[in-house]
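Undergrad: pasting the sequence and the predicted model now:
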Amino acid sequence: MAAIVPYLPAILGAAGSIGSALLSRGGDQETPTQKLQRELIDELLASLSGEGKYSSLFSADEETFNKRFGDPARRRFETQTAPAIQQQFIASGQQRGSGLEDTLTRAGVDLEEMLNQQYQDYIGQAEGRQLGAIGSILGQGAGAPVQPTTQQTLGQGIAGYLASPSSEKGIESILKGIESRTKRKGFTSDATLESAST
């Protein structure tokens, strides 16, 4: 037993490190934040291909553009702009000339050119959102760090203590105390027996 005492701190330190490693195996579990991030990333990836619940953010089809922008602009042109142009020509007494038709045609062409430019911008914005989402997904870290369990923290603390120089003295004194208790002195003389029996 005395031969082990000088090596005991190193042995206990190694045992503590091994025990701590075994206790920390549960640290590979996903935290709630990491789970939420993983699910969101999966949804965004599905949406980039046009199938997820966020796919409308990344798509730029002409039908959607026309419903949201083109059709309302054309209705405004028909109900507000064209009548205003006609009123100007009527007020000046030129309602029957080719000037009215030319002005209405130019205004309609200008509207379509403006809508074409807005559609190109709409496509560019959708592509920008796609690239931004991809960049965010690729730039994601591992999420919130995994918090160690109580067992892991305890194991790391014990391993740290056992590996420290101060534990060597403490362990030596414990072992010496155990060793001194195990060396029992038996009855050494007959006089002791006689005094015990009387």
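TA: Yep, it's here. Quick caveat: nothing in here was measured; it's all calculated off a predicted structure. Numbering: from 1, shown residues only.
Undergrad: wouldn't residue 127 be in contact with residue 60 here?
TA: Yes - between residue 127 and residue 60 a contact is recorded at 7.4 Å, counting by CB atoms under 8 Å. C-beta: built from backbone N, CA, C; applies to glycine.
Undergrad: so between the two, which is more surrounded?
TA: residue 60 (18 against 12; other CB atoms under 10 Å).
Undergrad: how many residues are close by the closest residue to the more buried one other than its chain neighbours?
TA: In space, and not counting its chain neighbours, residue 60 is closest to residue 126: 3.6 Å by CB to CB, 6 or more residues apart in numbering. Neighbourhood size, residue 126 [other CB under 10 Å]: 18.
Undergrad: where's residue 126, which helix or strand?
TA: helix 98-138 (DSSP states H and E).
Undergrad: repeat for residue 40
TA: Element membership for residue 40 (DSSP H and E) is helix 32-48.
Undergrad: what angle separates that helix from helix 98-138?
TA: 140 degrees (axes from the mean of the first three to the mean of the last three CA atoms, to 10 degrees).
Undergrad: for helix 32-48, packing partners?
TA: helix 55-58, helix 98-138 (3 or more CB pairs under 8 Å, 6 or more residues apart in numbering; DSSP states H and E).
Undergrad: those: which one's closest to residue 32?
TA: Nearest to residue 32 among those is helix 98-138 (19.4 Å), distances taken as CB to CB.
Undergrad: pLDDT on the closest one, on average?
TA: Throughout helix 98-138, pLDDT has a mean value of 86.
Undergrad: try stretch 52-66
TA: Here the average pLDDT along stretch 52-66 is 79.
Undergrad: export that stretch as CSV, just CAs?
TA: Output in CSV follows, covering the C-alpha atoms of stretch 52-66 (Å, rounded to 0.1, in the frame of the first residue of the first chain):
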residue,chain,number,x,y,z
GLY,A,52,-41.9,25.4,-47.7
LYS,A,53,-44.1,27.7,-45.8
TYR,A,54,-41.9,30.6,-46.5
SER,A,55,-41.7,30.0,-50.3
SER,A,56,-43.7,33.1,-51.1
LEU,A,57,-40.8,35.2,-49.7
PHE,A,58,-38.5,33.7,-52.3
SER,A,59,-40.7,33.3,-55.4
ALA,A,60,-41.1,35.9,-58.1
ASP,A,61,-43.6,34.7,-60.5
GLU,A,62,-45.4,37.0,-62.9
GLU,A,63,-48.9,36.0,-61.8
THR,A,64,-48.2,37.0,-58.2
PHE,A,65,-46.6,40.2,-59.3
ASN,A,66,-49.7,41.1,-61.4
